[in-house]
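Student: Structure of the sequence below:
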Amino acid sequence: MMVDNQSIQKILVTRTDKLGDVILTLPLISELKRNFPESKITFLVSNYVKDLIENYKGVDELIFIEEFQSFKSKIRYFKNQKFDVAINVFPRFVLAFSFLISGIKIRIGSGYRWYSFLYNKRINEHRKYAEKHESDYNLNLLKPLIQNINYEKKYYFKYSQEEFLNLQKKLQGFDFQKKFIIIHPSSKGSAVDLPLDKITNLCSEILKYFKDFNVVLTGTKDDINTTGEIINSVISEERNRIFNLAGLLNLKELMILIDNSSLFISNSTGPVHIAGALNKNIIGFYPSKIPMNPERWKPLSENTVIISPKGTNDMNSISIKEILDAIETFLKINSL
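Tutor: As a prediction, this is how the structure comes out:
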């Protein structure tokens, strides 16, 4: 039985894990706002995504899990806010229990956790089998609220000209007028990566064969040594065409950089989903094994080539030639 739309005024959505997971939850936010346009939607996330998600269309309030110092503080906040609905997209016992104790009437979550009895609206899907895309699993959590869910995924990332100009000033010496390819080498353990030596060889080959393009390496502060090693391996006469931006950008700035790139190349990790949300050209390296396979975790761009090991789970079996062929196809399309 569907709930009365008029009775839902305040909705809490929680997704407190990694960057890519949060991005793949945003279509759920948009679908909620489409069906409950007068409702206030609060999104509970980790504070490291603030730069990217702040002021996102459909999110009326952004709150951060780190702000709650105790279980009691969660209960106090949820009670005071008087949410009508709580959707625990990333299931966690403490949140599920706090929803119940704070008196939230409609509590939606997975039906396959030991504490699922704490939800009164349960979705019985095993995500570990990776039969659907993560964004579809997320949208399916709306079944107790919405009869005809729209599975078209639209994103609303935006930035101002001033923000773009500020990034230009920050990256003095980097020419945004020159076409560039972004390579994001690390996945922080969220998937099985293309080996670093392959990434290193790939950078050299791109610089060798695609003379009209610069190469940009991105990552966190923890990746600086890795990206530095990649650059050191490049022959000296090409080093003016490769840039190490690891650790220099917040997520909003990374989004702006990706939006202005010609191609984004990455293992399965959060920033590839930023590129997917922007519908950029993407080459993604994904293991075939469940649950890390592309069926569940591929970026949502229409312009994506996924490269996985064939008949094996050994990422080292992916050939540089296969990657270069995909790059050439994208860059030829762009030049038409």
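Student: Could I get the CA-only coordinates of the lengthiest helix in the chain as PDB?
Tutor: Longest helix in the chain by number of residues, with DSSP state H as the criterion: helix 320-335. Taking Å, rounded to 0.1, in the frame of the first residue of the first chain, the C-alpha atoms of helix 320-335 are listed here in PDB:
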ATOM      1  CA  ILE A 320      48.100  -1.500 -23.200                       C
ATOM      2  CA  LYS A 321      47.000  -1.800 -26.900                       C
ATOM      3  CA  GLU A 322      43.400  -2.400 -25.900                       C
ATOM      4  CA  ILE A 323      43.400   0.700 -23.800                       C
ATOM      5  CA  LEU A 324      45.100   2.800 -26.500                       C
ATOM      6  CA  ASP A 325      42.600   1.600 -29.100                       C
ATOM      7  CA  ALA A 326      39.800   2.800 -26.800                       C
ATOM      8  CA  ILE A 327      41.500   6.100 -26.300                       C
ATOM      9  CA  GLU A 328      41.900   6.600 -30.100                       C
ATOM     10  CA  THR A 329      38.300   5.900 -30.700                       C
ATOM     11  CA  PHE A 330      37.200   8.500 -28.100                       C
ATOM     12  CA  LEU A 331      39.700  11.200 -29.400                       C
ATOM     13  CA  LYS A 332      38.700  10.600 -33.000                       C
ATOM     14  CA  ILE A 333      35.100  11.100 -32.100                       C
ATOM     15  CA  ASN A 334      35.900  14.300 -30.300                       C
ATOM     16  CA  SER A 335      37.800  15.700 -33.300                       C
END
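Student: Buried residues of it, list them for me.
Tutor: Within helix 320-335, the residues scored as buried using 16 or more other C-beta atoms under 10 Å are 323-324, 326-327, 330-331. C-betas here are computed from N, CA, C, even on glycine.
Student: tell me the domain boundaries of this protein?
Tutor: Following automatic domain parsing, the chain resolves into domains at 5-140, 162-335.
Student: Lowest average confidence across the ones you listed, which one?
Tutor: Mean pLDDT per stretch puts domain 162-335 lowest among the domains of the chain, at a mean of 92.
Student: Helices of this protein, residue ranges please.
Tutor: Going by DSSP H, the chain shows helices at 19-23, 26-35, 50-53, 71-81, 93-101, 134-140, 161-170, 196-209, 224-233, 251-259, 270-277, 294-297, 320-335.
Student: Serialize those helices to CSV and add fields for distance to residue 41.
Tutor: As requested, the helices of the chain are arranged in CSV below (distance: least, C-beta to C-beta, whole Å):
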stretch, distance to residue 41
helix 19-23, 14
helix 26-35, 6
helix 50-53, 12
helix 71-81, 12
helix 93-101, 16
helix 134-140, 14
helix 161-170, 24
helix 196-209, 39
helix 224-233, 37
helix 251-259, 20
helix 270-277, 18
helix 294-297, 25
helix 320-335, 36
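Student: so how many other residues sit close to residue 233?
Tutor: Residue 233 has 12 neighbouring residues, counting by other C-beta atoms under 10 Å.
Student: switch to numbering from 17
Tutor: Fine by me, first position is 17 from now on; the one you just mentioned is residue 249.
Student: And for it, nearest residue in space, chain neighbours not counted?
Tutor: Spatial nearest neighbour of residue 249, excluding adjacent residues (C-beta to C-beta, 6 or more residues apart in numbering): residue 216 at 5.0 Å.
Student: my guess is the one you found contacts residue 246, does it?
Tutor: Yes: using C-beta atoms under 8 Å, residue 216 is in contact with residue 246, at 5.0 Å.
Student: who has more neighbours, these two?
Tutor: residue 246 (24 against 18).
Student: re the thing from before, out of the helices of the chain, the one nearest residue 23 is which?
Tutor: Residue 23 lies closest to helix 42-51 among these, at 13.1 Å (C-beta to C-beta).
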